[in-house]
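Visitor: Predicted model and sequence follow; I will ask about them next.
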Amino acid sequence: MSMDNDFWEKFRSIIELHITSPKSMKFYLHWSKNLEKTFPQQPLNILTGKDIQAYLNLMIQKNKYQEWQLEQANDSFRLLFSECLALPWAKPWPVRVNFPEKLPSSDQTTYPSQTTLNKFKDTINFKGVEVRCPGLLERIRTVLRTLHYAYKTEKTYLEWICRYINFTDLKDPSDSGATEVKKYLEYLAAIREVAGNTQRQALNAIVFLYSKVLEKPLGDIGAYSKPKKPQRLPVVFTQEEAEKVLQTIKGTMGLMAGLLYGSGLRLAECVRLRVKDVDFAREQLLIRGKGDKDRITVLPARFQKTLQKHLQRVKGVHEEDLKKGHGEVYLPPALARKYPNTLTEWGWQYVFPSANLSVDPRSGKVRRHHINDSTLQKAVKQAIRETGLTRQASCHTLRHSFATHLLEAGYDIRTVQELLGHADVSTTMIYTHVLNRPGIAVRSPADMRMNM
């Protein structure tokens, strides 16, 4: 029996509350409508968890879907039966994606014994390639979260650790050490030809595995091949170019881009800005910067009225969330435990919240997170193209321009260092290249005969 359009509209609204990507909407609907077609004589509300598990197992056996598609289908069924139909058996959700225990075929792959394979149940799908990881994945996650590492760092470290273990032919990392790590780093540099920062990121992840999780520090791994680190100057807009870019971006994205340039914010600092950290009276922003280092920077007078109107709209959205039983915001776990009431307080909300509610990947709670940083990145890239600028610029170019234009205006480098949040003044010194332009003191020989 087919469900009517009203039912599917209700399901659509539930999906909107639980997923972060609007592009996924049609796929969630697709999986659940296909499920309905498979049971044409039975209404959805009489299906059981065993029916859904059998259907999902059949999808797996067909071997035509990638892992992320199967996980997405299972999540669609979960929302359908637990949230939309509200069936008692669906909470907690009993259906699991039971992937077959096999390794990807490769001429260089050695298949381990069943005893070894049992340790490799956890997998990460990285860019369509299945990478198997030993059962210590949960231990790594626990240590990362205990030490309050960012969620992005958690995902990145897990991916690099999986790649490293895969490189060692699924060898238990407790039985390997500095020799294997050195070989892997040289493989990245010589064979994969990765950038220097990428190699260092891999090394940081592996060092974390041995020192913090396995408690078996690597020690000195000796000299290894390293990609040459390029010495590049930052790309900087002129004041006229920066103005053209800001004028091109409209709405909330325009306000955010204005703060990147007008306050010298990093992209992450901008999207994570909270209401309580905006001080209109002092015309300041309190920034929770990298490495848990706070700093004060300027709030441009040009954007203050726009920001105040924006916050009024955001407050209205927050009040609506509270009425619907939501309104919580992410806080560091220790702070959330100590002050549980602050989760819904206005001052702790993000200045630039997402348009949709989403599920916290760690706690599973439905919250309104901040705007995805890629949204602002795309808006700035589009504006740069529309203004006809040919340089390889990005959001960070606006921060570079903030520092450079302050130095050009005569502000001392220590002041600029504090506004940017640099730990060492040598980092800020790179912006002094604009004060040493050859064109200021040197005439090109091509121009010397022009005045003769």
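Guide: Now that the structure is in, tell me what you want to look at.
Visitor: Now the residue positioned nearest the centre of the chain: which helix or strand?
Guide: Nearest to the geometric centre of the chain sits K152, at 5.1 Å (Cα atoms, centre = their mean). Assigned by DSSP states H and E, K152 belongs to helix 151-167.
Visitor: buried stuff in that helix?
Guide: Buried residues in helix 151-167, counted by 16 or more other Cβ atoms under 10 Å: E154, T156, Y157, L158, E159, W160, I161, C162, R163, Y164, I165, N166. C-beta here means a position set from N, CA and C on the backbone, and glycine is covered the same way.
Visitor: For that helix, give the mean pLDDT please.
Guide: The average pLDDT within helix 151-167 is 86.
Visitor: With just CA atoms, put the very next helix or strand once past that helix into CSV.
Guide: Per DSSP H and E, the first helix or strand lying C-terminal to helix 151-167 is helix 178-190. Below are the C-alpha coordinates for helix 178-190, written out as CSV (Å, rounded to 0.1, in the frame of the first residue of the first chain):
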residue,chain,number,x,y,z
ALA,A,178,60.3,3.6,14.0
THR,A,179,61.6,1.5,11.0
GLU,A,180,58.1,1.1,9.6
VAL,A,181,57.2,4.7,10.2
LYS,A,182,60.4,5.9,8.5
LYS,A,183,59.6,3.7,5.4
TYR,A,184,56.0,5.1,5.3
LEU,A,185,57.1,8.7,5.5
GLU,A,186,59.7,8.1,2.7
TYR,A,187,56.9,6.4,0.6
LEU,A,188,54.8,9.5,1.0
ALA,A,189,57.6,11.8,-0.1
ALA,A,190,59.2,9.7,-2.9
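Visitor: How far off centre is helix 178-190?
Guide: Offset of helix 178-190 from its chain centre (Cα atoms, centre = their mean, to the nearest Å): 27 Å.
Visitor: how about stretch 179-186: buried residues?
Guide: So stretch 179-186, judged by 16+ other Cβ under 10 Å, has buried residues E180, V181, K182, Y184, L185.
Visitor: next one: stretch 221-239
Guide: I221, Y224, P227, V236, F237.
Visitor: Need the contact partners of it.
Guide: For stretch 221-239, contacts defined as Cβ atoms under 8 Å, 6 or more residues apart in numbering pick out 178, 181-182, 185-186, 189-190, 193-196, 199, 245, 389, 391-393, 397-398, 400-401, 404-405, 430-431, 433-434.
Visitor: Now the buried members of these.
Guide: 181-182, 185, 189, 194, 199, 245, 389, 393, 397-398, 400-401, 404-405, 431.
Visitor: what does the average pLDDT come to for the longest helix along the chain?
Guide: Assignment by DSSP state H gives helix 304-323 as the longest helix of the chain. Across helix 304-323, pLDDT averages out at 93.
Visitor: which residues sit in contact with the residue lying closest to Q308 once chain neighbours are set aside?
Guide: Nearest residue to Q308 in three dimensions, chain neighbours excluded: F280, at 7.0 Å (Cβ to Cβ, 6 or more residues apart in numbering). Applying Cβ under 8 Å, 6+ apart to F280 gives the contacts L299, Q304, Q308.
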